[in-house]
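Visitor: quick one: sequence plus predicted model below, questions after.
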Amino acid sequence: MSFLVRGLILGILVMMCLAALFGLQELAQLRETRGGLPTKLFSLVNLFLRVKGAAPARVLISTTLGITPVRENRLVMTDRIFRFLDENRPETPCLIVDLAAVENNYRRLQAALSDARIYYAVKANPAPEILRLLQRMGACFDAASIFEIEQCLDIGIAPDDISFGNTIKKETHMAQAFGRGIRLFAFDSEAELEKLARAAPGARVYCRFFMTGEGADWPLSEKFGCDSELVPYLLCRAREFGLVPYGVSFHVGSQQRGLDQWDIALAKSAAIFEITAAEGIGLKMINIGGGFPSKYRSPTPSIESHSLAITEGMTRNFGNALPEIIAEPGRYIPGDAGVIQAEIVLIANKSRMGSRRWVYLDIGRFGGLPEVMDEAIQYRIRTPYTDGDSGPVIIAGPTCDEADVLYQNADYQLPLALKTGDKIEILSTGAYTASYSAVGFNGFPPLREYYI
């Protein structure tokens, strides 16, 4: 028996022991690392897990094999937030973000996507505390406007570490960004290219193509991205305009559950690379966007599962000639690090049958929870009551607007003991909340923010 075969058998036996120790339901997708196991062993281990009926793995086991442990926790890193609330009792509604959790999420993402440069999507939460933390950790930044660019530059982020990722930009804002040193711009139309040629001559540009968003809780509309068949033409036009056709980008949809969407997008990217190469254009970069999930009511694949799907898709479609990879996570980094505390303003029965209570909070769609639109993002809610019966509710906000209903069809159940004046916590609200909060609608102030 050869040394390699003996090594493979030994590796499988080790993983079987780990499966027995940690439980098959907790054994992770294993990612090859420097000094780690050979790829063939990973494949055999994964085959073993499938044969044994294991669920998609969600932990990286830390052993002498060089694999890092990460366990999912429904309330990861929020103990400090709850202590802050108990000790300070801030006026509600308010958002509290644990910066240690932000750091933890970034490090975990960085480990999972070790071959990618991380460009944090500033729009998810542009708090200076988060931007400075991520800057210290070596992140780059994706800006959606000249105002986000100026915010990043003003706190000392280098222009080379910022991309102007919005495909819809004023020409004057393009020129401002270019004048301040920004050299990487997104586009998805010939008209945008013409503006870029005038405002940012010689800049590197990448073309975004449209994805359907199938499998995502928050699918993106056709507002962003063009047909993938149009991309080679546009990149050729970019060269004619004196710009540098640098790569392509896509977004599989926010809070994405369908891991197959990565392969679909990467296959389209590879086809574009091949066509443009025939035209003498050597593209260098793929921007894989975001889509990495936070923890809401329904389970989602782990970041390690997303990483494995991306790695397999890259290998399948590009072989060993891998391009530069950029990722633009937004939600994943601050999402689970934040908690909104709200007060119950009113609990009302609105029919004689009393089948469902209306629960009104002091925060709603216009105060920082717009992603409840169509009840797409369904947050977990923590109440002071852990025992006793629960009943169905409709959850609404405080404003004098009929659209300010959060959940009516999502079958939320809250404790029957809940009463007016109680405080509740809305979990995993560190992203796309405070930055969405309206200023002065019905006179309500913006969402208060605390970064600890």
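Guide: Nice, I can see it.
Visitor: helices along the stretch 301-450 of the chain, start to end?
Guide: 303-318 (DSSP state H, counting those that start in this stretch).
Visitor: give me the low-pLDDT residue ranges for it?
Guide: 354 (pLDDT under 70).
Visitor: all strands of it, in order?
Guide: Remark: strands assigned in the stretch 301-450 of the chain by DSSP state E, counting those that start in this stretch are 324-327, 338-349, 357-361, 381-382, 390-396, 405-407, 413-415, 423-427, 448-451.
Visitor: elements contacting the fourth one?
Guide: Taking 3 or more CB pairs under 8 Å, 6 or more residues apart in numbering; DSSP states H and E as the contact definition, the neighbouring helices and strands of strand 381-382 are strand 423-427. Heads up, the C-betas are built off the backbone N, CA and C, glycines and all.
Visitor: run me through the strand neighbours of the strand it packs on, direction for each.
Guide: strand 338-349 (antiparallel), strand 381-382 (antiparallel) (DSSP bridges).
Visitor: switch those over to a markdown table; also include distance to residue 111.
Guide: Formatted as a markdown table, the strands paired with strand 423-427 follow (distance: least, CB to CB, whole Å):
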| stretch | distance to residue 111 |
| --- | --- |
| strand 338-349 | 22 |
| strand 381-382 | 29 |
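Visitor: same list (the ones you listed) but as a markdown table, adding mean neighbour count and distance to residue 126.
Guide: Shown next, in a markdown table, are these (neighbours: other CB atoms under 10 Å; distance: least, CB to CB, whole Å):
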| stretch | mean neighbour count | distance to residue 126 |
| --- | --- | --- |
| strand 338-349 | 20 | 13 |
| strand 381-382 | 18 | 26 |
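Visitor: residues contacting residue 126?
Guide: For residue 126, the contacting residues are 148, 151, 435, by CB atoms under 8 Å, 6 or more residues apart in numbering.
Visitor: in JSON lines: the strands of the stretch 301-450 of the chain, plus distance to residue 90.
Guide: Listed next are these as JSON lines, based on distance: least, CB to CB, whole Å:
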{"stretch": "strand 324-327", "distance to residue 90": "34"}
{"stretch": "strand 338-349", "distance to residue 90": "7"}
{"stretch": "strand 357-361", "distance to residue 90": "16"}
{"stretch": "strand 381-382", "distance to residue 90": "16"}
{"stretch": "strand 390-396", "distance to residue 90": "22"}
{"stretch": "strand 405-407", "distance to residue 90": "21"}
{"stretch": "strand 413-415", "distance to residue 90": "22"}
{"stretch": "strand 423-427", "distance to residue 90": "10"}
{"stretch": "strand 448-451", "distance to residue 90": "7"}
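Visitor: so which of these gets nearest residue 217?
Guide: Taking CB to CB, strand 405-407 is the member of the strands of the stretch 301-450 of the chain nearest to residue 217, at 13.9 Å.
Visitor: same for that closest one, what does it pack against?
Guide: Counting contacts by 3+ CB pairs under 8 Å, 6+ apart, strand 405-407 packs against strand 390-396.
Visitor: can you rerun that using 10 Å?
Guide: In terms of contacts (3 or more CB pairs under 10 Å, 6 or more residues apart in numbering; DSSP states H and E), strand 405-407 is packed against strand 357-361, strand 390-396.
Visitor: quick check: which of those strands is buried the most?
Guide: Mean neighbours per residue, mean count of other CB atoms under 10 Å, is largest over those for strand 357-361, with a mean of 20.
Visitor: from the contact counts, what lies against that strand?
Guide: Using 3+ CB pairs under 10 Å, 6+ apart, strand 357-361 sits against strand 338-349, strand 390-396, strand 405-407, strand 423-427.
Visitor: not counting that strand itself, show me its contacts.
Guide: 92-93, 340, 342-350, 367, 369, 381, 391-398, 404-408, 412, 414, 416, 418, 420, 422, 424, 426 (CB atoms under 10 Å, 6 or more residues apart in numbering).
Visitor: coming back round to it: adding distance to residue 242, write the helices and strands packed on strand 357-361 out as JSON lines.
Guide: Output for these, formatted as JSON lines (distance: least, CB to CB, whole Å):
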{"stretch": "strand 338-349", "distance to residue 242": "44"}
{"stretch": "strand 390-396", "distance to residue 242": "54"}
{"stretch": "strand 405-407", "distance to residue 242": "50"}
{"stretch": "strand 423-427", "distance to residue 242": "49"}
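Visitor: quick one: closest of those strands to residue 255.
Guide: Using CB to CB, the nearest of these to residue 255 is strand 423-427, at 14.5 Å.
Visitor: how much does that closest one deviate in direction from strand 390-396?
Guide: On the basis of axes from the mean of the first three to the mean of the last three CA atoms, to 10 degrees, strand 423-427 is oriented at 80 degrees to strand 390-396.
Visitor: strand 423-427 to strand 357-361, inter-axis angle?
Guide: Going by the same axes, to 10 degrees, strand 423-427 makes 80 degrees with strand 357-361.
Visitor: can you give me how far strand 423-427 is from the chain middle?
Guide: 21 Å (CA atoms, centre = their mean, to the nearest Å).
Visitor: just the CA trace of that strand, in CSV.
Guide: Provided in CSV are the C-alpha atoms of strand 423-427 (Å, rounded to 0.1, in the frame of the first residue of the first chain):
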residue,chain,number,x,y,z
LYS,A,423,-38.8,46.6,25.5
ILE,A,424,-37.9,44.1,22.8
GLU,A,425,-34.8,43.5,20.8
ILE,A,426,-34.7,43.1,17.0
LEU,A,427,-31.6,41.0,16.3
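Visitor: now the helices for the stretch 51-200 of the chain?
Guide: Secondary structure of the stretch 51-200 of the chain by DSSP H, counting those that start in this stretch: the helices cover 79-88, 99-112, 128-136, 146-154, 171-179, 190-199.
Visitor: for those helices, which has the smallest mean pLDDT value?
Guide: Among the helices of the stretch 51-200 of the chain, helix 79-88 has the lowest mean pLDDT, at a mean of 92.
Visitor: by neighbours, which of the contacts of residue 126 wins?
Guide: With neighbours defined as other CB atoms under 10 Å, the most crowded of the contacts of residue 126 is residue 148; it has 22 neighbours.
Visitor: what's around the nearest residue to that one once chain neighbours are set aside, how many residues?
Guide: The shortest distance from residue 148 to any non-neighbouring residue, by CB to CB, 6 or more residues apart in numbering, is to residue 122 (4.6 Å). Residue 122 has 27 neighbouring residues, counting by other CB under 10 Å.
Visitor: okay, buried residues for stretch 96-112 please.
Guide: For stretch 96-112, the neighbour count (16 or more other CB atoms under 10 Å) marks 96-99, 101-106, 108-112 as buried.
Visitor: many thanks, we can stop here.
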